[in-house]
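> Whatever this is, show me its structure:
(2 chains)
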Amino acid sequence: MSKIACFVEKYNFSDHREEAALANFKQAAEERGQEFHFLFREDISDIPRFDAVFIRATTDPLFTSYIVSKTAWELGLKVIDDPESITICANKIHQYELFEKFNVPRIPTMFLNKEELHHKRISDIFDALGKPVVIKAPYTSFSKYVEKAACETSFRDVAKRFFKKSDVLAVQKFTPTAFDWRVGVLNNDVLYVCKYMIPKGRWKHGAKLRGKPTFTWGRTVSMKKVNAPQRLREVALKACSVVGKGLYGVDLKEVDGDYVVVEVNDNPSIYAGYEDLRDKDLYGKIIEYLS
Amino acid sequence: MKPSTFLESSIKDITLNICNDCRYLKTGYYVSLHAEVLGNSVIPSCENIIDSSRTPILLLRASRAGIPTLPFVVTDSVKKIISELGFPVVVFAVNPFIYDGYKTANNKSALYRAMKSLGMNYKFAVCAQPFKGEITSFKSFFGKCEESEELKKISEKVYDLFKIPICRLHVQKVEGKAFLCGLQPVRAEELSKLDLNIINREVLLFSKQGESFGV
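Got it, this is the predicted structure:
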């Protein structure tokens, strides 16, 4: 029997569908005779008492979750998300450099240094990628810090804001589609497949409607993983193989009949009734991987 | 070589990166990252850049490598620190946005203040250690420093482990024994002429073996 710690923060319980998913994890673990405990921020020093750590709080090398992950890793525990996956996935520049090196099909991407924010470089980028372009800060998650720019003025405006935190940014070709594919992968195996629909008239899954304070999300349409196109699974697995062997959510777009990777995310969101709708066994598989 | 030139190059060689701002997401970090993806052996590595700036990981890895450290608590709860360590304590930030690493606290209200400022209004956790002696801070270049033998040893070992070429070390002396407490980057304006000479000498030593470097 192994003891699994699930590192969560208070916000993980703010959405009832996520709360239900966490309860499902607990249930799956207990059905298999494992102990499953929630670990909060103030209990980090208890990590050595466990055999495995499952991180559900948002990950980033700057967040507490990285401390949890690295501590567990150093102590030889099983960890999802492991520190290397966190560093690669939380920094899209790191990830795209790896995609380039290993030739993963991806959206055309260019990098922009802080010192290069001048007229010539910007017009070069527009020439190469067309207008508009999508500017991405390396630490993007939940569709935040991804913005569109169609002219030099707005390009400079967005870039300047993102440069406050990171000295390098990614600029991508604008590729509008009706939905993004989301493929959940664990240990080089497809776990679930769903479509993240883009809200009408928007271009990303989570978008702020003009004049409204709240974020709106597109619908999630899940499908059985066996029904997913073969090529989609191949591309998703190829992208993950570059990152590591943990749990990932791969975003892909369908362009001209083929698939390109938008990004690989560690710590993919798992909400009850959404990602798990057609493949209920995902909870058990993750627990078995940890034990 | 300038960092921006290096980022666009594809030089395949051992890389020494002594960018002054090596913090996560800053140019120095990207230099190491680019070198790593190219498959170069690089000093310092991205992993070490991140780990050395997160005090709990620094202390955990250091103590496992035989460098003396004090027990620490990572938490965002004042109560937990009081119950486990008591007073006085020294508190380190666990986020790399802050340059001046630590604050000491003798009582509850000072601890609340310290945690509020280092935890960026309680957004981040902090790393607390008992404060029993006095804290010395010194600059370490390539593991070398102008301090006592004991501190020299710590500085060397930390360099062996993390390979951060230019950093400031915080060491606590308790009853004559020194314990590693923290590491922070050194600002360019903190480097004196003498310091720069030492760095130049070390870089020369390094490049005698034939390397490309980003300054």
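> What's the mean pLDDT across stretch B:72-92?
Computed over stretch B:72-92, the mean pLDDT rounds to 84.
> go on, stretch A:39-51?
Taken as a whole, stretch A:39-51 carries a mean pLDDT of 88.
> got the end-to-end distance for that stretch?
The straight-line separation of the ends of stretch A:39-51 (C-alpha to C-alpha, to the nearest Å) is 13 Å.
> residues of it that come out buried?
Neighbour counts over stretch A:39-51 (16 or more other C-beta atoms under 10 Å in any protein chain shown) mark A:Leu39, A:Phe40, A:Arg41, A:Glu42, A:Asp43, A:Ile44, A:Ser45, A:Ile47, A:Phe50, A:Asp51 as buried. (Each C-beta comes from the backbone N, C-alpha and C, glycine too.)
> and residue 51, what does it touch?
You didn't pick a chain, so chain A it is. A:Ser2, A:Lys3, A:Ile4, A:Leu77, A:Lys78, A:Ser291 (C-beta atoms under 8 Å, 6 or more residues apart in numbering or on different chains).
> ah, I was thinking of chain B
Counting by C-beta under 8 Å, 6+ apart, B:Asp51 touches A:Lys70, B:Ile57, B:Leu58, B:Arg61, B:Phe162.
> let's go with 10 Å and repeat that
Contacts for B:Asp51 (C-beta atoms under 10 Å, 6 or more residues apart in numbering or on different chains) come out as A:61, A:66-67, A:70, A:74, A:83, B:44-45, B:57-58, B:60-62, B:161-162, B:164, B:183.
> One more: B:Thr136?
Counting by C-beta under 10 Å, 6+ apart, B:Thr136 has contacts B:Glu147, B:Ser148, B:Leu151, B:Leu169, B:His170, B:Val171, B:Gln172, B:Lys173, B:Ala178, B:Cys181.
> Confirm that it sits in a helix.
No. B:Thr136 sits outside any helix when classified using DSSP: H, G, I helix; E, B strand; the rest coil, being strand.
> Run through the bridge partners of it.
B:Val171 (DSSP bridges).
> how much space is there between it and A:Ala149?
Relative to A:Ala149, B:Thr136 is positioned 50 Å away (C-beta to C-beta, to the nearest Å).
> re the thing from before, a markdown table for the buried residues of stretch A:39-51, including distance to A:Phe179 and secondary structure?
Formatted as a markdown table, these follow (distance: C-beta to C-beta, whole Å; DSSP: H, G, I helix; E, B strand; the rest coil):
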| residue | distance to A:Phe179 | secondary structure |
| --- | --- | --- |
| A:Leu39 | 35 | strand |
| A:Phe40 | 35 | coil |
| A:Arg41 | 35 | helix |
| A:Glu42 | 40 | helix |
| A:Asp43 | 39 | helix |
| A:Ile44 | 38 | helix |
| A:Ser45 | 43 | helix |
| A:Ile47 | 39 | helix |
| A:Phe50 | 38 | coil |
| A:Asp51 | 39 | coil |
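> Where does the prediction get shaky in chain A?
Counting by pLDDT under 70, chain A contains low-confidence ranges at A:206-215.
> Break down it into its helices, ranges please.
Applying DSSP state H to chain A gives helices spanning A:16-31, A:64-74, A:83-90, A:92-102, A:119-129, A:152-163, A:230-243, A:282-290.
> count of neighbours near residue 84?
Went with chain A since none was named. By the criterion of other C-beta atoms under 10 Å in any protein chain shown, A:Glu84 has 18 neighbours.
> nope, chain B
A total of 15 residues lie near B:Glu84 under the criterion other C-beta under 10 Å.
> top of the contacts of A:Asp51 by neighbour count?
For these, the largest number of neighbours (other C-beta under 10 Å) sits with A:Ile4, at 24 neighbours.
> thought that residue was touching A:Leu290?
Yes. Contact criterion C-beta atoms under 10 Å: A:Ile4 and A:Leu290 qualify, at 5.4 Å.
> Return every residue with contacts to both of those two.
A:Phe25, A:Ala29, A:Gln34, A:Phe36, A:Asp51, A:Ala52, A:Val53, A:Phe54, A:Leu77, A:Lys78, A:Ile80.
> Can you flag the buried ones in these?
A:Phe25, A:Ala29, A:Gln34, A:Phe36, A:Asp51, A:Ala52, A:Val53, A:Phe54, A:Leu77, A:Lys78, A:Ile80.
> just the residues you listed now: which is nearest chain B?
A:Leu77 (12.7 Å; C-beta to the nearest C-beta).
> mind listing the helices for chain B?
For chain B, the helices defined by DSSP H cover B:3-8, B:27-37, B:46-53, B:55-64, B:78-85, B:108-118, B:149-162, B:193-207.
> right, so of the ones you listed, which gets closest to A:Glu115?
A:Glu115 sits nearest to helix B:3-8 of all the helices of chain B, at 5.0 Å, using C-beta to C-beta.
> residues from the stretch 101-250 of chain A in reach of chain B?
A:101-102, A:111, A:113-116, A:137-139, A:165-168 (C-beta under 10 Å from any C-beta of the partner chain).
> In strands, which of those appear?
Among these, the members falling in strands (DSSP state E) are A:Phe111, A:Asn113, A:Val168.
> Let's see if you can find the most crowded of these.
A:Val168 (27 neighbours).
> could you list every residue that touches that residue?
A:91-94, A:97, A:111-114, A:116, A:137-138, A:162, B:4, B:7, B:25-27, B:29-30, B:33-34.
> can we see that at 7 Å?
Going by C-beta atoms under 7 Å, 6 or more residues apart in numbering or on different chains, A:Val168 touches A:Ile93, A:Phe111, A:Leu112, A:Asn113, A:Pro138, B:Tyr30.
> Pipe those into TSV and attach distance to B:Glu156 per row.
Formatted as TSV, those follow (distance: C-beta to C-beta, whole Å):
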residue	distance to B:Glu156
A:Ile93	33
A:Phe111	37
A:Leu112	39
A:Asn113	35
A:Pro138	34
B:Tyr30	28
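> Closest to A:Asp281 out of the residues you listed?
A:Pro138 (33.8 Å).
> Please tell me I have it right and the closest one contacts A:Ile88.
No. A:Pro138 is not in contact with A:Ile88 according to C-beta atoms under 7 Å; the separation is 10.9 Å.
> Quickly note the distance from A:Trp203 to A:Gly218.
For A:Trp203, the distance to A:Gly218 (C-beta to C-beta) stands at 11 Å.
> neighbour count winner among these two?
Set A:Trp203 next to A:Gly218 and count neighbours by other C-beta under 10 Å: A:Gly218 wins out with 20 against 16.
> distance of the more buried one from A:Val260?
Taking C-beta to C-beta, one finds A:Gly218 at 19 Å from A:Val260.
> what does B:Val74 give?
Distance, B:Val74 to A:Val260, by C-beta to C-beta: 40 Å.
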